[in-house]
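Student: After the sequence you'll find the predicted model.
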Amino acid sequence: MKHEVETSALFKMIQRFDQTARFPAQVSAKEQTVTRLLIAILKKETAEQSIHFSHEAIEMHGGNGYIEDFVTPRLLRDAQVLTVWEGTANILGLEVVRLLTKHKAHEQLFTEMKFTLENVTVLSKEKALLQKEIADQENWIHEGLQLSQDLQTFHSKEIAKRLVDIYEGVHAIERAAESERKLSVAKVFIHQTFNHAIKKANPLTLKFAEDILQLSEETAAKTDEN
Ligand SMILES: Cc1cc2nc3c(=O)[nH]c(=O)nc-3n(C[C@H](O)[C@H](O)[C@H](O)COP(=O)(O)OP(=O)(O)OC[C@H]3O[C@@H](n4cnc5c(N)ncnc54)[C@H](O)[C@@H]3O)c2cc1C
């Protein structure tokens, strides 16, 4: 779920960046600041998650996954560079703090996220969960911005993580109306990310696994046909 939602969210951001780069006059300064913020938080998150997912790919393939002749060790090795080059996680964290303190980028981001949510007509429970999360993070960031510069730096990666979770959660629910499968993906993603009180005895990941995996196989079959 995380991989799917994150990849889709990343491409949405790339589309936004293209728009900003090609037609800057049509994009307000506030929106351009949000694009900068999204680049920083998504670069950091996708780089870190690449290491996690390539690690999972090795584990999933067992002994074959580990041995050097298989493709997966190369995936993991290559993924390691992503958190180092083109902005390390720490440097991106500093960029996030700068964008928040100097340009109030979070205010415009939250405005955009709320607007997107207002137009969502599915998954009312999950929508409410996201709206609450946005309100909580608005308060958390407001308090964080009163802290000393050193403490802001200390919390910078945590701030980036909280913002990227919201962006991805809102993106997941925004695309949920496109298909039953995406609806299930959004439901599970949002509960796993934000609903910390979810019952251990009935995890949504298991409840919706069949839906999601069955349809994934159909998609894979279609891709094979093509
Ligand atoms: C395979 C490869 C190819 C590359 N290709 C290019 C290229 O084509 N062009 C190019 O220009 N560069 C290239 N680079 C360089 C790459 O961009 C740098 O390695 C990267 O920016 C990190 O800088 P650094 O190596 O000097 O590490 P450092 O800046 O020394 O960072 C080391 C650690 O300290 C942390 N750190 C550094 N400063 C701070 C700070 N102020 N606050 C908190 N933490 C901090 C970093 O997050 C990191 O964890 C390449 C690197 C690699 C590995």
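Tutor: Ah, there it is. Quick caveat: nothing in here was measured; it's all calculated off a predicted structure.
Student: Can you tell me the SS state at the residue of the chain most remote from its centre?
Tutor: The C-alpha centroid of the chain is most remote from Asp69, which lies 32.0 Å away (Cα atoms, centre = their mean). Following DSSP: H, G, I helix; E, B strand; the rest coil, the label given to Asp69 is coil.
Student: Likewise for Thr121?
Tutor: Following three-state DSSP, the label given to Thr121 is coil.
Student: I'd like to know how many residues surround the residue lying closest to Glu180 once chain neighbours are set aside.
Tutor: Among residues not flanking Glu180 along the chain, Asp211 sits closest, at 7.2 Å (Cβ to Cβ, 6 or more residues apart in numbering). Yep, even glycine has a C-beta here, placed from its N, CA and C like the rest. Other residues within reach of Asp211, judged by other Cβ atoms under 10 Å, total 16.
Student: repeat for Asn202
Tutor: Residues near Asn202, counting by other Cβ under 10 Å, number 8.
Student: Give me the distance between the residue nearest to Asn195 when sequence neighbours are not counted and Ile190.
Tutor: Leaving aside its sequence neighbours, Asn195 sits nearest to Leu129 (Cβ to Cβ, 6+ apart; 6.1 Å). To Ile190, Leu129 is 6 Å away according to Cβ to Cβ, to the nearest Å.
Student: neighbour-wise, which of these two wins?
Tutor: More crowded of Leu129 and Ile190, by other Cβ under 10 Å: Ile190, with 27 against 18.
Student: circling back to that earlier point, ok, now which ones touch the residue nearest to Asn195?
Tutor: With contact taken as Cβ atoms under 8 Å, 6 or more residues apart in numbering, Leu129 is in contact with Ile190, His191, Phe194, Asn195.
Student: Please enumerate the helices of the protein.
Tutor: Secondary structure of the chain (DSSP state H): helices located at 2-22, 29-60, 62-66, 72-82, 89-103, 105-118, 124-144, 149-174, 180-194, 204-225.
Student: can you put the ones you listed in JSON lines and add mean pLDDT and distance to the ligand?
Tutor: Converted to JSON lines, the helices of the chain look like this (pLDDT from 0 to 100; distance: least, Cβ to the nearest ligand atom, whole Å):
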{"stretch": "helix 2-22", "mean pLDDT": "96", "distance to the ligand": "20"}
{"stretch": "helix 29-60", "mean pLDDT": "97", "distance to the ligand": "10"}
{"stretch": "helix 62-66", "mean pLDDT": "96", "distance to the ligand": "23"}
{"stretch": "helix 72-82", "mean pLDDT": "97", "distance to the ligand": "5"}
{"stretch": "helix 89-103", "mean pLDDT": "96", "distance to the ligand": "3"}
{"stretch": "helix 105-118", "mean pLDDT": "98", "distance to the ligand": "19"}
{"stretch": "helix 124-144", "mean pLDDT": "96", "distance to the ligand": "17"}
{"stretch": "helix 149-174", "mean pLDDT": "96", "distance to the ligand": "7"}
{"stretch": "helix 180-194", "mean pLDDT": "95", "distance to the ligand": "25"}
{"stretch": "helix 204-225", "mean pLDDT": "70", "distance to the ligand": "32"}
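Student: count of neighbours near the closest residue to His103 other than its chain neighbours?
Tutor: Leaving aside its sequence neighbours, His103 sits nearest to Thr33 (Cβ to Cβ, 6+ apart; 4.7 Å). Per other Cβ under 10 Å, the neighbour tally for Thr33 reads 20.
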